[in-house]
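Pasting the sequence and the predicted coordinates here, then a few questions.
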Amino acid sequence: MINYEEAAVAFESFLRTKGLRVTNPRRDILRIAWSSPEHFTADEMYIWVLEDDADASRATVYRTLALLSQADFLATMNDGKGTVLYEKQLSSDDHHDHMICVSCRKIIEFVSHDIERIQDEVAERHSFKLQNHTLRLEGLCVDCR
């Protein structure tokens, strides 16, 4: 599992290989994203940046989140209502799926080895080299039923 310090070094290397500058706002956004225990939106990140007294515009937040996603430090998902949610990726094998409550928008992460096995079987049956998948189940959580 990758920690913040390793992520910071790798992100700086990613930026340099892209010919981009390593700036304090980009470092701050990575640090704040890494400290987030849950999914977040770009607007939530911007609020956290302001609360942290980090010097980053809303545009810088959006561009940096896109770079972090491109570099595979953040995963993105759609909440089903058009909002992009971000979450840190701790490792390449940190795959999980999501259940989203259609009422309160609560997100429950889960891992199912049965689902992983079935998708591998389906891919193999169709001679398909599976690289990734996204599974989002929508319904009502226990609090909203």
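Great, that's in hand. Residues are numbered from 1 along each chain as shown.

Per the annotation, how does the protein divide into domains?
4-88, 97-139 (automatic domain parsing).

for these, which one sits closest to Arg145?
Set against Arg145 and scored by Cβ to Cβ, the domains of the chain come closest in domain 97-139, at 8.8 Å. Quick note: C-beta positions are derived from backbone N, CA and C, even for glycine.

now the strands: where do they sit in the chain?
74-78, 84-88, 97-101, 107-110, 136-139 (DSSP state E).

What separates the first and last residues of stretch 138-145, distance-wise?
13 Å (Cα to Cα, to the nearest Å).

contact partners of that stretch?
Gly80, Met99, Ile100, Cys101, Val102, Ser103, Cys104, Lys106, Ile108 (Cβ atoms under 8 Å, 6 or more residues apart in numbering).

I figured Ala54 hits Ile32, correct?
Yes: contact criterion Cβ atoms under 8 Å: Ala54 and Ile32 qualify, at 7.2 Å.

Point out where the protein drops to low pLDDT.
Applying pLDDT under 70 to the chain flags the ranges 1, 90-94.

again, 80 this time
1-2, 79-80, 90-95, 132-134 (pLDDT under 80).

Leu50 - how many residues pack around it?
For Leu50, the neighbour count with other Cβ atoms under 10 Å is 13.

how close does it get to Ala33?
15 Å (Cβ to Cβ, to the nearest Å).

And for Glu121?
Taking Cβ to Cβ, one finds Glu121 at 35 Å from Ala33.

neighbour-wise, which of those two wins?
Using other Cβ under 10 Å as the criterion, Glu121 and Ala33 rank with Ala33 on top: 22 against 10.

which of the contacts of stretch 138-145 tops the neighbour count?
Neighbour max across the contacts of stretch 138-145 (other Cβ under 10 Å) = Ile100, 22 neighbours.

count of neighbours near the closest residue to Met77 other than its chain neighbours?
The shortest distance from Met77 to any non-neighbouring residue, by Cβ to Cβ, 6 or more residues apart in numbering, is to Leu85 (5.2 Å). Leu85 has 20 neighbouring residues, counting by other Cβ under 10 Å.

check contacts around Leu85.
His39, Phe40, Thr41, Thr76, Met77, Asn78, Asp79, Ile107 are the contacts of Leu85 under Cβ under 8 Å, 6+ apart.
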